[in-house]
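Visitor: Can you look at this prediction? I've put the sequence above it.
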Amino acid sequence: MKIDAFHYVQLGTAYRGLKPVPDEEVTELYGGMQHILLYQMSEFYGKDPSLKQFMDIFSLPEMTLLSSVIDYFITYGIEFGQVHLYKDISDAIRDVYVKGVMYKWIEKDLEQYILHGDEIYAVLNHLVNHKKKLFLILISIDRIMDKFSPLIILGL
């Protein structure tokens, strides 16, 4: 569900797995209000929050995986503990991304994973031909970028 900066649930944005939760049920779940109390959202009060906020674009894969797994479990009547499922998925994401498992797979065959788009090539080539200075901002592991950068730059 989508929660604004003041912790109000924006109705029509709550899902259980991949299926929408009716607004009436959301309102009932929160005691007739659409407001989420601060202690439910914050670790400040000495316990884990009962709600996890995903607030940036980097959270989309984790949200998608979590929603898909929940939807699968609900569809097939598989019981699960929400906290344990969240922890398992978070740990899996950490193992694949943070520990570098994903990068090791990609490093084995960079050409398979790098897409050469004609449109971006045309734009970058135009800028280079017109003597524009370019820079690359990356949020990734240095050793991976050491391998990717020559492929990106030499592509021009």
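Guide: Perfect, thanks for sending it.

Visitor: from here on, contacts and neighbour counts on C-alpha atoms
Guide: Fine.

Visitor: backbone phi and psi for H116, please?
Guide: Backbone dihedrals for H116, given as degrees, to the nearest 10, come out at phi -100, psi 100.

Visitor: Can you tell me how far it is from M102?
Guide: 20 Å (CA to CA, to the nearest Å).

Visitor: Where do the strands of this protein begin and end?
Guide: For the chain, the strands defined by DSSP state E occupy 15-16, 19-20.

Visitor: okay if I get those strands as a markdown table plus distance to N129, mean neighbour count and mean pLDDT?
Guide: Output for the strands of the chain, formatted as a markdown table (distance: least, CA to CA, whole Å; neighbours: other CA atoms under 10 Å; pLDDT from 0 to 100):
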| stretch | distance to N129 | mean neighbour count | mean pLDDT |
| --- | --- | --- | --- |
| strand 15-16 | 49 | 14 | 88 |
| strand 19-20 | 50 | 11 | 92 |
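
Visitor: mind checking which of those is nearest I78?
Guide: strand 15-16 (14.2 Å; CA to CA).

Visitor: Can you tell me the strand partners of the closest one and which way each runs?
Guide: strand 19-20 (antiparallel) (DSSP bridges).

Visitor: who touches the strand it pairs with?
Guide: G12, T13, A14, D71 (CA atoms under 8 Å, 6 or more residues apart in numbering).

Visitor: Sort out which residues of the biggest helix by length in the chain are buried, please.
Guide: Ranked by number of residues, the top helix in the chain under DSSP state H is helix 60-75. For helix 60-75, a neighbour-count test (16 or more other CA atoms under 10 Å) marks E62, M63, L66, S67, V69, I70, D71 as buried.

Visitor: Over to stretch 76-96?
Guide: Those would be Y86, I89, S90, I93, for stretch 76-96 by 16+ other CA under 10 Å.

Visitor: Stretch 118-133 too?
Guide: By neighbour count on 16+ other CA under 10 Å, the buried set for stretch 118-133 is L124.

Visitor: Tell me which entries of the buried residues of stretch 76-96 lie within helices.
Guide: Using DSSP H, the buried residues of stretch 76-96 in helices are Y86, I89, S90, I93.

Visitor: Of the residues you listed, which is the nearest to D4?
Guide: Of these, the one sitting nearest to D4 (CA to CA) turns out to be Y86, at 22.0 Å.

Visitor: Spatially, what comes nearest to the closest one if we skip its sequence neighbours?
Guide: With sequence-adjacent residues excluded and distances taken as CA to CA, 6 or more residues apart in numbering, Y86 is closest to L66, at 7.1 Å.
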